[in-house]
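**Q** with the sequence up front, the predicted model follows.
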Protein chains: 2
Amino acid sequence: MIIDPATTPRGELHSLMIRCIAPRPIAWVSTMSRDGITNLAPFSYFNGVSSDPPALLFVASRHDTGHKKDTLLNIEATGHFVVNVVPESLAEAMNITATEYPHGVSEFEKAGLTPAPAERVSAPRLKESPVHFECELYETMHVGVDGAGGGTIVVGRIVLIHIDDSILKDGKVDYELYHPIGRLGGMEYTRTRDRFTMVRKKYTPGM
Amino acid sequence: MIIDPATTPRGELHSLMIRCIAPRPIAWVSTMSRDGITNLAPFSYFNGVSSDPPALLFVASRHDTGHKKDTLLNIEATGHFVVNVVPESLAEAMNITATEYPHGVSEFEKAGLTPAPAERVSAPRLKESPVHFECELYETMHVGVDGAGGGTIVVGRIVLIHIDDSILKDGKVDYELYHPIGRLGGMEYTRTRDRFTMVRKKYTPGM
């Protein structure tokens, strides 16, 4: 099957992309507006960027009307956000925060979750999540016509990382304790219990 | 445990980031230099960006010396690349192409893989992979001091998508036929056979 994006409806293309680009990690992003309203929302166009400088990114999609999501508005206003992770035990709660509530409704409250103060940024951490990346806005890049669809790539400089001792074994994050979930296409998610190991080989002449 | 990136060695931070930001999809990027040498390499800082315009991104990390990887050099020279996906059946071959061979060695040959011509870009497709995104370079953003470490975010406009009929069921990509793998930390990967479904709720007043 060959798909030409130029002649494929946007919704169909989106559905196809998220099915093929998988499994995706989930950034559960917590922010706070200037007037103190907290926000929590999941984003699966998320990944690392660099360890020097320590940086990660996620993409805030834009509505066709150009309307920005609260997460992006809060980050632009304050320059701060926290990326929390999603283990299996928090899947249902994460899904509740994916609902688009009206502006001003706190997803923390709707999902029965607890905001906790961060140390270096104004955005709250999500207490129930075992990993928090406190981030300062490094740069944004909008892909698409400004104000009509597209996605805004948000790059954050990681200024502090919290890891709950409950997922550590000998000082290292252990997947038998962490169990992060990944986003697939449609309504599907993957667990990470079915793992395998491959050693990456270093080049030696004659190889 | 609290980790301050400012006082943590880069390697340790990298190890921690890839363990926590997981599972990550794998972009198996094929390119061709101006003088016709093909290149194939996996990148797990990879994700979608937008379906309108159709775009994806991956991050090409930079060596401390500022040295760019062949993939990035080829994309800058030609403006073209193809993102191929990695099902379980190609895991070992993908791992072979992760070895840093000297400049000029084709990973296709080393891994026993077959380049196939693309339709809209000069970069080759990887015949054995079931999904190919033909991409034109949209923009790059370097994160970090130019020429010394950091990562270059490469955003590609998707101009054509090929999906092998072998992973389709009723015209849709089926995970029971596709089986993409995800990258975790250390030497670990996850399969995507252990899945679950959650329906995202639409907001209704009173919810």
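**A** Arrived safely. Just so we're clear, the structure is a prediction, and the values are computed from it rather than from any experiment.
**Q** any stretches of chain A with poor pLDDT?
**A** A:64-66, A:147-148 (pLDDT under 70).
**Q** can you tell me the centre-most residue of it?
**A** By CA atoms, centre = their mean, chain A has its centre lying nearest to A:A27, at 1.7 Å.
**Q** so what's that residue up against?
**A** Shown in contact with A:A27 (CB atoms under 8 Å, 6 or more residues apart in numbering or on different chains): A:42-44, A:46, A:56, A:58, A:83-85. Any C-beta I mention is one placed from the backbone N, CA and C, and that applies to glycine too.
**Q** give me that answer again for 6 Å
**A** By CB atoms under 6 Å, 6 or more residues apart in numbering or on different chains, A:A27 lies in contact with A:43, A:46, A:58, A:83.
**Q** how about those in TSV, adding distance to B:H132 and secondary structure?
**A** Below are the contacts of A:A27 laid out as TSV (distance: CB to CB, whole Å; DSSP: H, G, I helix; E, B strand; the rest coil):
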residue	distance to B:H132	secondary structure
A:F43	26	strand
A:F46	23	strand
A:F58	25	strand
A:V83	31	strand
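**Q** identify, from the residues you listed, the entry nearest to B:T197.
**A** If you rank those by distance to B:T197 using CB to CB, A:F43 comes first, at 19.5 Å.
**Q** hmm, back to that, the nearest residue to the residue nearest to the centre of chain A once chain neighbours are set aside: neighbour count?
**A** For A:A27, ignoring the flanking residues on the chain, the nearest one in space by CB to CB, 6 or more residues apart in numbering or on different chains is A:F46 at 3.7 Å. By the criterion of other CB atoms under 10 Å in any protein chain shown, A:F46 has 23 neighbours.
**Q** now the element after the longest helix seen in chain A, going C-ward?
**A** Counting residues, the longest helix found in chain A (DSSP state H) is helix A:10-20. Using DSSP states H and E, the helix or strand that follows helix A:10-20 in sequence is strand A:27-32.
**Q** which residues are in contact with stretch A:98-117?
**A** A:38, A:40, A:42, A:93, A:96-97, A:124-125, A:127-128, B:200-201, B:203.
**Q** quick one: contacts for A:H14?
**A** So A:H14 contacts B:S51 (CB under 6 Å, 6+ apart).
**Q** try 10 Å this time
**A** By CB atoms under 10 Å, 6 or more residues apart in numbering or on different chains, A:H14 lies in contact with A:8, A:61, A:185, B:48, B:50-52, B:54.
**Q** neighbour-wise, give me the winner out of the residues you listed.
**A** B:S50 (29 neighbours).
**Q** just to be sure, that one is in a helix?
**A** No. Per DSSP: H, G, I helix; E, B strand; the rest coil, B:S50 lies outside any helix segment and is strand.
**Q** from chain A, how far out is it?
**A** Remark: distance between B:S50 and chain A (CB to the nearest CB, to the nearest Å) = 4 Å.
**Q** hang on, that residue packs against A:H63?
**A** No. Applying CB atoms under 10 Å, one finds B:S50 not in contact with A:H63, separated by 12.0 Å.
**Q** what do the two both touch?
**A** A:G149.
**Q** buried stuff in the longest helix of chain A?
**A** A:13-20 (16 or more other CB atoms under 10 Å in any protein chain shown).
**Q** what's the answer for stretch A:132-146, then?
**A** For stretch A:132-146, using 16+ other CB under 10 Å, the buried residues are A:132-138, A:140-141, A:143-144.
**Q** my guess is A:H142 contacts B:S50. True?
**A** Yes. Here A:H142 reaches B:S50: they are 9.5 Å apart, a contact under CB under 10 Å.
**Q** and for those two, which residues touch both?
**A** Contacts common to A:H142 and B:S50, judged by CB under 10 Å, 6+ apart, are A:62, A:150-153.
**Q** closest to chain B out of these?
**A** Nearest to chain B among those, counting by CB to the nearest CB, is A:G151 at 3.8 Å.
**Q** quick check, that closest one in contact with A:K68.
**A** No. Checked against CB under 10 Å, the pair A:G151 and A:K68 is beyond contact range at 11.1 Å.
**Q** need the overlap of contacts for the two.
**A** With CB under 10 Å, 6+ apart as the test, A:G151 and A:K68 both reach A:60-62.
**Q** and A:E100, backbone torsions?
**A** Per-residue torsions, A:E100: phi -90, psi 90 (degrees, to the nearest 10).
**Q** burial of it, as a residue count?
**A** By other CB under 10 Å, the residues close to A:E100 number 15.
**Q** that one and A:V155, how far apart?
**A** Distance, A:E100 to A:V155, by CB to CB, to the nearest Å: 24 Å.
**Q** ditto for A:D165
**A** A:D165 sits 29 Å away from A:V155, taking CB to CB as the criterion.
**Q** what's the answer for A:R34, then?
**A** A:R34 is 22 Å from A:V155, by CB to CB.
**Q** neighbour count winner among the two?
**A** Per other CB under 10 Å, whichever of A:R34 and A:V155 has more neighbours is A:V155, with 21 against 10.
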